[in-house]
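Participant: Turn this into a structure:
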Amino acid sequence: MKYFTLIIVCFFLWLGNSTCFGDDNEKISRILYINSYHPGYSWSDSIEKGLRDSLNSSGKEYNLSVEYLDTRRFTAPAWQETLKNIILSKYEDFPQDLIIVSDNAAFDFAIANRSHFFPQAPLVFCGYNNFHPDLLNGQDNITGVNEEMNIDALVSMALSIQPETGTLAFIEQTADPTSKTIADHAEEIIIPKYRDQYRIVLFKDKTLAQIKEGFSRLPENSALFLLGATADMPTGQATMPDESAKLILPHSPVPAYTLWDFHLGLGVLGGHIITGYQQGKTAGEMAVQILNGRNASDIPVMMKSPVSDIFDYQVMQHFGIKISDLPAGSTLINKPETLYSKHKMLVWGAIGLFSLLTLFIFILLLNIFRRVRAEHEILRYRDHLEKLVEERTAELTATNSSLKSSEERFRTLANASFEGISVIEEERLIDFNDTYARMFGYTREEMLGRKPTDFIAPEKRQDVLEKVRAGYDAPYETLGLKKDGSIFPLEIHAALHIFIDKQIRISALRDLTERKAAEKEINLLRGILPICARCKKIRDDDGYWNQLETYIQNHSEAQFSHSLCHDCAKEIYPALDLSKMNQKKND
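Facilitator: Okay, the predicted model is just below:
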């Protein structure tokens, strides 16, 4: 036992050393993540979480450095130049294996300064609004995820949810490049498309007070699209989109729609939502491919942004919008948990258990019912069966008596037969008469169960066995073998029969010894005998000449009386008058 314990300890020590060596030898990838905004901004935080989840699930060892440009709050060019110098000095002697950027400001910063401090590192971007390949300026080893602002799809969704809409209201802002790009796209592409059918209300670079005043004039059949923030700058900095939504949405008299997840939960109804988490997660998956050896240029830019249709259940209730009004497959947030939704597994488990118990009880009741019915049937048939048994017993008694009598008659007749009769099943003797046993010189016990070919001369056994197996039913002759070893001629006549679904062979055997001897004598007497022409002696089989009477006596049962014929008497006794003697005899 102690040796076994020692072996186990050595194994785990070796395993621990192997693991340590593997960790020492594995390269830890350096990744620099440049975030356009600041920590605490829900959009940026979601991107970073999705990015880290992808990297962590890959199992790769990495060292992630994060730099925040904070361009939502600080936009002065001098600050950007200072930030550039800080990043350059930090990473000048700390090269990175991969650069990841989120949103337009970080992308533009990376492209502008790539040649200065990470010219060889692959670049992955995400959250870039309306990306176009021309933005790469001929640079390679770059891929990423486009943040496509599909405002047209958002408006179409709103109109399908609110088919009675007559006014489309847009909140826009141009304080930063990204917001200006979105506003220009809406005014140049989207609004002209709907201007002829709907009344358009535009809140562009408006303060909260101006927006609230405009809300008061919006008709009830309006839809509001939150594409930007207010123009208020209470702290000298631009208002953040989520902060602006908190200010605007409580005053909106109509359902508001958005494209971003950072507006959710603040009073917006919902929309065709781009989530920061999905942007970061997709960028992280691309980064893992690059860390595994794939060139960034070989990974196509994802032009169609991952989106989800997400809606706030509480806002829907406020504006009287039903779940059936939403697009199929939509996701709801802030929906009160029902007992079922909160304990779905427990409810289904209870339902399943109840159903199982109900089924079990039903089966038990069914079995009880069948059992009671079966007991009644058994009682009803018992008397009938007893009567049938009595009748059948009487019939069997009479039949057995008749069979016993028939068997005794059959055995008496069989034993009285001069022929040996045998019954064979599967090449074994199962019954025979006394003549059969006497014919071979055995007792009944000695013969039962043996092969019938055991009582055939060895040189004839194969021939007999072939006839048995072939079902030969014509009489044929062979040679029998007695217990004392003597051989005798034998005639067999057999036939196959079916008895109680079994095939048996019944054979009749006749000892041909006497008949063969008689035939030999007859054939001898009927044959041509060599006889002397003068003395009339007959030559036997050994070549000796015998008197005629001697030969006949030896080869038959004939007896002779001696007298003289007339001719011989005259020749021997010439003086004797034979005529007088005959006359006297006649008198």
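
Participant: quick one, strands of the stretch 51-200 of the chain?
Facilitator: In the stretch 51-200 of the chain, strands defined by DSSP state E, counting those that start in this stretch lie at 62-68, 98-102, 123-129, 142-147, 167-172, 199-204, listed in chain order.

Participant: what's the closest of those to residue 91?
Facilitator: Smallest distance to residue 91 across those (Cβ to Cβ): 7.9 Å, for strand 62-68. C-betas here are computed from N, CA, C, even on glycine.

Participant: helices or strands next to the closest one in the packing?
Facilitator: Contact here means 3 or more Cβ pairs under 8 Å, 6 or more residues apart in numbering; DSSP states H and E; on that basis strand 62-68 packs against strand 29-35, helix 42-58.

Participant: one more time with 6 Å, if that's ok
Facilitator: In this structure, strand 62-68 packs against strand 29-35, with contacts taken as 3 or more Cβ pairs under 6 Å, 6 or more residues apart in numbering; DSSP states H and E.

Participant: Would you state the helices of the stretch 101-250 of the chain in chain order?
Facilitator: 103-117, 151-161, 177-185, 191-194, 208-215, 241-248 (DSSP state H, counting those that start in this stretch).

Participant: Using a markdown table, lay out those together with mean pLDDT and mean neighbour count.
Facilitator: Compiled in a markdown table, the helices of the stretch 101-250 of the chain are given as follows (pLDDT from 0 to 100; neighbours: other Cβ atoms under 10 Å):
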| stretch | mean pLDDT | mean neighbour count |
| --- | --- | --- |
| helix 103-117 | 87 | 19 |
| helix 151-161 | 94 | 19 |
| helix 177-185 | 87 | 17 |
| helix 191-194 | 94 | 14 |
| helix 208-215 | 93 | 16 |
| helix 241-248 | 87 | 20 |
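
Participant: picking that back up, out of the strands of the stretch 51-200 of the chain, which is closest to residue 336?
Facilitator: The stretch from the strands of the stretch 51-200 of the chain with the least distance to residue 336 (Cβ to Cβ) is strand 167-172; that distance is 29.5 Å.

Participant: Could I get the full set of helices for the stretch 251-400 of the chain?
Facilitator: When assigned using DSSP H, counting those that start in this stretch, the helices of the stretch 251-400 of the chain occupy the ranges 276-291, 313-319, 339-342, 344-416.

Participant: for the stretch 451-587 of the chain, that is, sorry about that
Facilitator: Going by DSSP H, counting those that start in this stretch, the stretch 451-587 of the chain shows helices at 461-470, 513-526, 548-555, 566-572, 578-586.

Participant: Tell me how many other residues surround residue 131.
Facilitator: Using other Cβ atoms under 10 Å, the number of residues around residue 131 comes to 22.

Participant: and what of residue 393?
Facilitator: Around residue 393 there are 10 residues (other Cβ under 10 Å).

Participant: do residue 441 as well
Facilitator: Summarising burial for residue 441: neighbours were counted as other Cβ under 10 Å, giving 14.

Participant: Excluding chain neighbours, give the residue nearest to it in space.
Facilitator: What sits nearest to residue 441 in space, not counting adjacent residues and going by Cβ to Cβ, 6 or more residues apart in numbering, is residue 483, at 3.8 Å.

Participant: Give the phi and psi angles for that neighbour, as a check.
Facilitator: Listed backbone geometry of residue 483 is phi -60, psi -30, with angles given as degrees, to the nearest 10.

Participant: I figured it was touching residue 442, is that so?
Facilitator: Yes. Here residue 483 reaches residue 442: they are 5.3 Å apart, a contact under Cβ atoms under 6 Å.

Participant: averaging pLDDT over each of the helices of the stretch 451-587 of the chain, which comes out lowest?
Facilitator: Among the helices of the stretch 451-587 of the chain, helix 578-586 carries the lowest mean pLDDT, a mean of 58.

Participant: quick one on the thing from earlier: from the helices of the stretch 251-400 of the chain, which stretch is densest packed?
Facilitator: With neighbours defined as mean count of other Cβ atoms under 10 Å, the helices of the stretch 251-400 of the chain peak in mean count at helix 276-291, which reaches a mean of 23.

Participant: next one: it to chain centre, how far?
Facilitator: Relative to the chain's own centre, helix 276-291 is displaced by 37 Å; criterion: Cα atoms, centre = their mean, to the nearest Å.

Participant: one step back: save the strands of the stretch 51-200 of the chain as a markdown table, and put in distance to residue 465, mean neighbour count and mean pLDDT too.
Facilitator: Supplementary listing: these in a markdown table, determined by distance: least, Cβ to Cβ, whole Å; neighbours: other Cβ atoms under 10 Å; pLDDT from 0 to 100:
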| stretch | distance to residue 465 | mean neighbour count | mean pLDDT |
| --- | --- | --- | --- |
| strand 62-68 | 89 | 15 | 93 |
| strand 98-102 | 92 | 27 | 95 |
| strand 123-129 | 92 | 27 | 92 |
| strand 142-147 | 90 | 23 | 93 |
| strand 167-172 | 108 | 22 | 95 |
| strand 199-204 | 113 | 17 | 95 |
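
Participant: okay, those in a markdown table with distance to residue 534 next?
Facilitator: Below are the strands of the stretch 51-200 of the chain laid out as a markdown table (distance: least, Cβ to Cβ, whole Å):
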| stretch | distance to residue 534 |
| --- | --- |
| strand 62-68 | 142 |
| strand 98-102 | 144 |
| strand 123-129 | 145 |
| strand 142-147 | 142 |
| strand 167-172 | 161 |
| strand 199-204 | 165 |
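
Participant: Out of those, which gets nearest to residue 507?
Facilitator: With Cβ to Cβ as the criterion, residue 507 lies closest to strand 62-68 of those, at 97.2 Å.

Participant: what residues does the closest one touch?
Facilitator: Residues from elsewhere that reach strand 62-68 (Cβ atoms under 6 Å, 6 or more residues apart in numbering): 28, 29, 30, 31, 32, 33, 34, 35, 38, 55, 87.

Participant: what do you get if the cut-off is 10 Å, keeping everything else the same?
Facilitator: If you take Cβ atoms under 10 Å, 6 or more residues apart in numbering as the criterion, strand 62-68 is touched by 27-41, 44, 48, 51-52, 55-56, 83, 86-87, 90-91, 94, 96-98, 100-101, 106, 109, 287-288, 291.

Participant: Kindly report the same for stretch 456-475.
Facilitator: For stretch 456-475, contacts defined as Cβ under 10 Å, 6+ apart pick out 424, 427, 440, 451-455, 476-482, 486-496, 503, 505, 507-508, 510.

Participant: low-scoring stretches of the chain, by residue?
Facilitator: Low-confidence regions of the chain, defined here as pLDDT under 70, cover residues 1-26, 233-239, 341, 399-417, 522-529, 555-558, 576-587.

Participant: Centroid-nearest residue for it?
Facilitator: residue 352 (25.9 Å; Cα atoms, centre = their mean).

Participant: measure it to residue 358 for me?
Facilitator: With the distance defined as Cβ to Cβ, to the nearest Å, residue 352 ends up 11 Å from residue 358.

Participant: ok, back up a step: between the helices of the stretch 101-250 of the chain, which gets nearest to residue 130?
Facilitator: Taking Cβ to Cβ as the criterion, residue 130 comes closest to helix 177-185 out of the helices of the stretch 101-250 of the chain, the separation being 6.5 Å.

Participant: got the angle between that closest one and strand 142-147?
Facilitator: Angle of helix 177-185 versus strand 142-147, following axes from the mean of the first three to the mean of the last three Cα atoms, to 10 degrees, is 60 degrees.

Participant: Return the alpha-carbon coordinates of helix 177-185 using PDB.
Facilitator: Extracted in PDB, the C-alpha atoms of helix 177-185 (Å, rounded to 0.1, in the frame of the first residue of the first chain):
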ATOM      1  CA  PRO A 177     -18.200  63.900 -35.600                       C
ATOM      2  CA  THR A 178     -20.000  60.700 -34.900                       C
ATOM      3  CA  SER A 179     -23.300  62.400 -34.000                       C
ATOM      4  CA  LYS A 180     -22.900  64.700 -37.000                       C
ATOM      5  CA  THR A 181     -22.500  61.800 -39.400                       C
ATOM      6  CA  ILE A 182     -25.700  60.200 -38.000                       C
ATOM      7  CA  ALA A 183     -27.600  63.500 -38.400                       C
ATOM      8  CA  ASP A 184     -26.400  64.000 -41.900                       C
ATOM      9  CA  HIS A 185     -27.400  60.500 -42.900                       C
END
